[in-house]
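Chemist: give me coordinates for this.
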Amino acid sequence: MTTIRLMWRSNRKCPLSTLPCIPGTTGHQNILMDSKDGKRPYFRWNKTTPHRHVTGTRASPGQPGGPVMNDLSKALTGPVYKAYEKKLRADVLANPRPHHVAIIMDGNRRFAQEIGLTTANGHQMGRNKLEEVLEWCLDLEIRVLTVYAFSTENLTRASDEVEGLMDLFAKNFRVLGDDERVHRHKIRARVLGQIEFLPDRVQEAIRYAQERTKDHDRYQFNVAVAYGGREEIVQAVKSIASCVKRGELAVDDIDQRTVSEYLYTSDIPDPDLILRTSGEERVSNFLLWQLAYAELYFADVYWPGFRKTDFLRALRSYQMRKRRYGT
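Modeler: Purely as a prediction, here's the structure:
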């Protein structure tokens, strides 16, 4: 048997509602979810605490968590939570939504670490969350979604982590190209970045997804892989300089539109809203040129724990702002 004690702690990022099961481990396990008053209930696995607890059978090591955590998850994400989500959705649908949302998907590794999983598990959960978010965008008719999946700086991470991510990309870009929902909703898939830095198997999978969806025109799904905002601008400047050198472009004719035309996103509208998870408040070299007039929103939750209510709150925040261009 195991004991769970309910305590209060703020500023945590692993909502209980996002966890289908908890791996059995020794020691403490921290699982969290937003409360009504803005704090987060803090659940700690604790074998010895004698008061204010509920009990249930704990799974053996390596097996999914027992019925206690599942029951708590159901209770906390039941009718009241669904009613709140429904209300938020109605509010968002009643007002103009952003045409283009860009997301910095941050927190896979920290999420996994906090619940006792491996980094590879965290990235897989992040991949699954991205699929959910794409469904949310379809539901809310957000026409363009761009996500930051892998930066050029990420290439310097541990080789086993990078190799695992490459396997995920190679597999899932092919899955994307064959997904019935992608073709039913006419979603065009694009990859932004220096794909020549990626393994051949990933490049081939990217080409497969892009070729299979190139004629779709209802939605756009852009994945930034081996991407860096500064490098994107450098490459654009080099291309423009080459055109000037060949006499194809006059220096006096270069303006903001010219630069935009030489970026990876030349035929994609600039983002209206840039959202980052994990609580970090920086843009990390993402769409540096394109975000000039975007609204920024920082969600204090790790990417795999990002819920539809979190997404709806971000959209509602965007709708409540008065967008200004300039100072």
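
Chemist: ok, the most centrally placed residue in the chain to Gly122 distance?
Modeler: Centre of the chain computed as the mean C-alpha position; nearest residue by CA atoms, centre = their mean is Met105, 3.4 Å away. Computed as CB to CB, to the nearest Å, the Met105 to Gly122 distance reads 11 Å. C-beta coordinates here come from the backbone N, C-alpha and C atoms, glycine included.

Chemist: got the contact list for the spatially closest residue to Lys186 that is not a sequence neighbour?
Modeler: Leaving aside its chain neighbours, Lys186 sits nearest to Arg218 (3.6 Å; criterion: CB to CB, 6 or more residues apart in numbering). Contacts for Arg218 were tallied using CB atoms under 8 Å, 6 or more residues apart in numbering; they are 143, 185-187.

Chemist: how does it look with 10 Å?
Modeler: The contact partners of Arg218, taken as CB atoms under 10 Å, 6 or more residues apart in numbering, are 138, 141, 143, 184-188.

Chemist: same check, this time on Trp289
Modeler: 229-230, 232-233, 236, 256, 259-260, 263, 265, 270.

Chemist: what's the helix or strand where Glu163 lies packed up against?
Modeler: Taking DSSP states H and E as the definition, one finds Glu163 inside helix 159-178. Using 3 or more CB pairs under 10 Å, 6 or more residues apart in numbering; DSSP states H and E, the elements in contact with helix 159-178 are helix 119-140, strand 144-151, helix 180-184, strand 187-192, helix 200-213, strand 219-227.

Chemist: how would you label Leu296: helix, strand or coil?
Modeler: Secondary structure, DSSP: H, G, I helix; E, B strand; the rest coil: Leu296 is strand.

Chemist: and the gap between it and Phe173?
Modeler: Taking CB to CB as the measure, Leu296 and Phe173 are separated by 28 Å.

Chemist: of the two, who's got more company?
Modeler: In terms of neighbours (other CB atoms under 10 Å), Phe173 is the more surrounded of Leu296 and Phe173; the figures are 24 against 15.

Chemist: I'd guessed the more buried one sits against Val182; true?
Modeler: No. Because the distance of 11.3 Å does not satisfy CB atoms under 10 Å, Phe173 is recorded as not touching Val182.

Chemist: what do the two both touch?
Modeler: 189, 209, 212.

Chemist: for Glu281, state which of those is nearest.
Modeler: For the shared contacts of Phe173 and Val182, the minimum distance to Glu281 (CB to CB) is 29.5 Å, reached by Ala189.

Chemist: so what's Glu295 bridging to?
Modeler: With DSSP bridges as the criterion, Glu295 is bridged to Leu273.
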